[in-house]
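> Starting from these lines, generate the structure:
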Amino acid sequence: MDDVDMAILRTLRDDGRITLTDLAERVHVSRTNVHGRIAKLHEQGIISGYTARIDTGQVGLPVAALVLIGVDQSQLDELREQLDSMPAVEHWGLTMGSYDGFIMARVASVEELRALLVDQLRTMPGITRTESVLMIEETGPRQALPE
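So this is what the prediction gives:
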């Protein structure tokens, strides 16, 4: 991957709807060159798709929380399935440190957050403990790329 590929990725990250012509002008190569490079980035799995960035507050999910979780490793496969199926779970991952993982949750109200934490997550097989952090301001998401 060279500097032109990185410039293409940065531009697409910030504006996934840019035309090939405008993208070619921005990265200073031909439209055909950009088209071929994007195809190659798709083939290599570097670009896996395009999505819309949705303002979750505007669609009724203004409350966000980062939930740190302890995980019973023997129940990890079942936990994966449960978390992947929960509408309130925006994304989650495993970590190293005091906690085994995190969940980024989005809900309509603090009451729904309480229900998610107390009634669902804390009683879910595979989760041994939780600690929640209520988000009061966010930026992004923005995917990091090397300089």
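> Please count neighbours and contacts with C-alpha atoms only from this point.
OK.
> so who does residue 94 touch?
Residues in contact with residue 94 (C-alpha atoms under 8 Å, 6 or more residues apart in numbering) are 100, 101, 102.
> Give me the contacts around the helix or strand where the last one lies.
Meaning residue 102. Taking DSSP states H and E as the definition, residue 102 sits inside strand 101-107. Outside strand 101-107, the residues that touch it by C-alpha under 8 Å, 6+ apart are 56, 60-71, 88-95, 113.
> what are the phi and psi angles of residue 114?
As for residue 114, its main-chain torsions (degrees, to the nearest 10) stand at phi -60, psi -50.
> Not counting its own residues, what contacts the helix or strand where residue 131 lies?
Using DSSP H and E, residue 131 sits in strand 127-134. Strand 127-134 is contacted by residues 63-72, 79, 121-122 when judged by C-alpha under 8 Å, 6+ apart.
> do stretch 16-33 as well
The contact list for stretch 16-33, computed with C-alpha under 8 Å, 6+ apart, reads 4, 7, 8, 11, 12, 34, 35, 50, 51.
> Next, the buried residues of that stretch.
The neighbour-count check on stretch 16-33 (16 or more other C-alpha atoms under 10 Å) flags 20, 23, 24, 27, 31 as buried.
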